[in-house]
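Trainee: just need the structure, nothing else, for what follows:
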Amino acid sequence: MADDKMSLLNPLAPIYYATHPSELMEKAHEIKGDKDLNRYRFQQNSMEQVKNLLYAAGVPSDIIPFAAAQTAFETNGYKSHISKADHNLSGIKWINKPYQKATKGSPAPRNEGSGYYARYASFGAWANDFKRILSIGGANAPIHATDLKEYVTRLHDNGYFTSNPDLYYTALARIMQLNEGMKQAQGRELTQAKEDKAAADEANKFKMPWWGWALIGLGGIVVLKKTLE
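Mentor: This is a model prediction of the structure:
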């Protein structure tokens, strides 16, 4: 769960490059060289895997893009300590209840109320518990939201985070937008690669091998010899 300041306000945050919320939409999309491009690609690929986990856990398909973007935000692009040490992609706290199916994980910071994060045996186990978290609230649970704005509002109302919900919404919306842009870019790259290969294959049909040119040259020599005779 993001703290009150939220990582998007950090100029060194790996996803954003924004020093103030007003700069988010202008600067968050900047890709500064191959290193950053690889980071975005890693985030996009990780989000696709998270979507599969959430689908397997029974999270409704309409909600999965919101929840996946949330995990990218909560883990700073899947680089956080708890995402690796605890298999915890959304900052879920350990509650020491059998139904959570988790153990005591990494200590949580004071600005998140201290305590400990939940540690899961696998990402699949995390996904199952995350579905439980998203289902809290009955008919008003986040899992029943109809759009991203409503999803974020319900998370906030449930006490999942205490930060400004507008900032949280903006962060998730930007991540979703970036992820979709990366998917489209990869699709264009794949299409271009296929077109380039097809063109190369077509050109190779008419490409003379070296031994063909050798035979042509040999034939010319024979013809010339006969002419001179």
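Trainee: report the residue spans of this protein with pLDDT below the cut-off.
Mentor: By pLDDT under 70, the weakly predicted segments of the chain are 1-42, 44, 181-229.
Trainee: show me where it has strands.
Mentor: Using DSSP state E, the strands found in the chain span residues 103-107, 116-119.
Trainee: and the ones you listed as CSV, adding mean neighbour count?
Mentor: In short, each C-beta sits where N, CA and C put it, glycine included. Formatted as CSV, the entries for these read as follows, by neighbours: other CB atoms under 10 Å:
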stretch, mean neighbour count
strand 103-107, 15
strand 116-119, 22
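Trainee: so for Asp166, which of the ones you listed sits nearest?
Mentor: Distances from Asp166 to each of the strands of the chain were compared by CB to CB, and the smallest falls on strand 116-119, at 25.9 Å.
Trainee: which secondary structure elements does the closest one contact?
Mentor: Contact analysis of strand 116-119 by 3 or more CB pairs under 8 Å, 6 or more residues apart in numbering; DSSP states H and E lists strand 103-107 as its packing neighbours.
Trainee: ok, and what's touching the strand it packs on?
Mentor: Where contact means CB atoms under 8 Å, 6 or more residues apart in numbering, the residues beyond strand 103-107 that reach it are 81-82, 85-86, 88, 94, 96, 114-119.
Trainee: distance to Tyr169 added to the strands of the chain, as CSV?
Mentor: As requested, the strands of the chain are exported to CSV (distance: least, CB to CB, whole Å):
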stretch, distance to Tyr169
strand 103-107, 27
strand 116-119, 24
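Trainee: which of those strands sits closest to Leu54?
Mentor: When the strands of the chain are compared by CB to CB, strand 116-119 sits nearest Leu54, at 16.6 Å.
Trainee: just the C-alphas of the closest one, formatted as PDB.
Mentor: Included here for strand 116-119 are C-alpha records, laid out as PDB according to Å, rounded to 0.1, in the frame of the first residue of the first chain:
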ATOM      1  CA  TYR A 116       4.500  -6.600   8.700                       C
ATOM      2  CA  TYR A 117       3.700  -7.300   5.100                       C
ATOM      3  CA  ALA A 118       2.200 -10.700   4.300                       C
ATOM      4  CA  ARG A 119       4.600 -13.200   2.900                       C
END
